[in-house]
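K.L.:
Okay, sequence plus prediction incoming.
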Number of protein chains: 2
Amino acid sequence: MGRPKSFEPDVVIAQAMETFWTKGYAGTSPADLAEATGVAKGSLYHSFGSKRELFAMALDLYGRTGSEVTEEFLSRPGTAKERIRAYFVLLVDMDLDGPARRGCLAQNTVEEFGGRDEEATRAVHRIEERMIGLFAARIEQGQRDGDVDRDVDARAQALFLQAILAGLRVMAKTFDRPVLYQIIDTALAGP
Amino acid sequence: MGRPKSFEPDVVIAQAMETFWTKGYAGTSPADLAEATGVAKGSLYHSFGSKRELFAMALDLYGRTGSEVTEEFLSRPGTAKERIRAYFVLLVDMDLDGPARRGCLAQNTVEEFGGRDEEATRAVHRIEERMIGLFAARIEQGQRDGDVDRDVDARAQALFLQAILAGLRVMAKTFDRPVLYQIIDTALAGP
DNA sequence: CTAATTCTTGAACTTAAGGTCTAAAATCAG
DNA sequence: CTGATTTTAGACCTTAAGTTCAAGAATTAG
């Protein structure tokens, strides 16, 4: 019993995620969160404990959403290389077409927190590992489909792709589309 | 005339750079800077104007120092690929062996400031372009030396290397040495 | 309807960030 | 020395970040 919540926690977390993503962790004040969510500061603290905890939930949501999108996108018809290229292009486009050049929340987090926050670092690491797993799985799928060489080391290749992806998203903050596309081409030129 | 400065501005900028690098821009308070440099807050403001201006000088110093080190290191004896590999290994080792996993100041800056700061973004872009220029120059040198194929597009290859480097430095915050070395191997496996 | 319980919210509180200012200290030209 | 000039350093100020709180508003069990 008790008074029912006047908001959907998941929705608020999603809105908080957007705000943190756009303005950074330090750059987002409780007042910003209240405004972005339409929930008063006091209620936010009542429901989520602290800015830090809300952020953890937002980052977690980010990771889950991201890997769902990735998985779905990679599994569409095409060869492994085609799908991965399309995915990279998608991300570059999303980074550039948004009004903010906000990049990847997970990367931003680990950059902003440095090694100084154990929990944040772990959370980001989990997100990255999941991405690598998805890449590796798609490559192995390609091997079964016959569009990827049998003797490719899927894990090594997936790590490489993750590095490229991370690099692209850093560079998407300061370079423009043709450059980023060219990097994608070079990175995927090999086998 | 007038009372002479009791500190060397360049030294203070270097100390400020270290502090910003370790703690991030937002994470560094004027009090931190005073402690790190041994110069009182008031004097810092008197000499450098604002935290933001001091940071700009620190970032500039970082860029110049970095490109000097890079240039020197790439020009040591060896093929282009050998030198670039050695350079990547050097950076990974520096990232991991420091006590802080602070990564690259330029990247941290652009991540922390997002697209929200025009000047910081420009400064980082200049630093990145300089790095790319050095990579391209080393590749062209390799072509003259005969250890790099004539038909390699030096600029495209340099952009690719910069992306890998950026990716490595992001991943150096959450992954350990063998993984990073493996990425270097994969990235440099081609021609 | 009442009580127990849970939410809501703006006010209030505490701490510190970022910056300004002033009185004293140091230097040098004359 | 004197005066002009520049630095120094800590006190001081203002604003806001992050959080807590008290008082009231919903809701349901009984």
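P.N.:
The structure has been received and is ready for your questions.

K.L.:
Tally up the residues packed near residue A:190, please.
P.N.:
For residue A:190, the neighbour count with other CB atoms under 10 Å in any protein chain shown is 13. The C-beta positions use only the backbone N, C-alpha and C, and glycine is treated the same way.

K.L.:
out of everything not next to it in sequence, what's closest to it?
P.N.:
Of all residues not flanking residue A:190 in the chain, residue B:190 sits nearest, at 5.6 Å (CB to CB, 6 or more residues apart in numbering or on different chains).

K.L.:
for the helix or strand harbouring residue A:31, which positions count as buried?
P.N.:
Assigned by DSSP states H and E, residue A:31 belongs to helix A:30-37. Residues A:33-34, A:36-37 are the ones in helix A:30-37 that count as buried (16 or more other CB atoms under 10 Å in any protein chain shown).

K.L.:
tell me what that helix is packed against?
P.N.:
The contact analysis (3 or more CB pairs under 8 Å, 6 or more residues apart in numbering or on different chains; DSSP states H and E) places helix A:30-37 against helix A:9-23, helix A:41-48, helix A:51-74.

K.L.:
and the first one, what's its mean pLDDT?
P.N.:
Average pLDDT, helix A:9-23: 97.

K.L.:
ok, now the last one?
P.N.:
Across helix A:51-74, pLDDT averages out at 97.

K.L.:
can you give me how far whichever helix or strand comes after it is from the chain middle?
P.N.:
Once helix A:51-74 ends, the next helix or strand along the chain (criterion: DSSP H and E) is helix A:80-97. For helix A:80-97, the separation from the chain centroid amounts to 13 Å (computed by CA atoms, centre = their mean, to the nearest Å).

K.L.:
ok, helix A:80-97 near chain B or not?
P.N.:
No: using CB under 8 Å from any CB of the partner chain, helix A:80-97 never reaches chain B; the gap is at least 9.8 Å.

K.L.:
other SSEs contacting the worst-scoring helix or strand of chain A on mean pLDDT?
P.N.:
Each helix and strand of chain A was given a mean pLDDT (mean pLDDT, DSSP states H and E); the minimum falls on helix A:105-113 at a mean of 92. Helix A:105-113 sits against helix A:9-23, helix A:51-74, helix A:118-145, helix A:154-171, helix B:105-113, helix B:154-171, with contacts defined as 3+ CB pairs under 8 Å, 6+ apart.

K.L.:
for those helices, which one sits closest to DNA strand C?
P.N.:
Of all the helices and strands packed on helix A:105-113, it is helix A:9-23 that lies closest to DNA strand C, at 9.2 Å by CB to the nearest atom of the strand.

K.L.:
how far out from the middle of the chain is that closest one?
P.N.:
Distance of helix A:9-23 from its chain centroid, counting by CA atoms, centre = their mean, is 14 Å.
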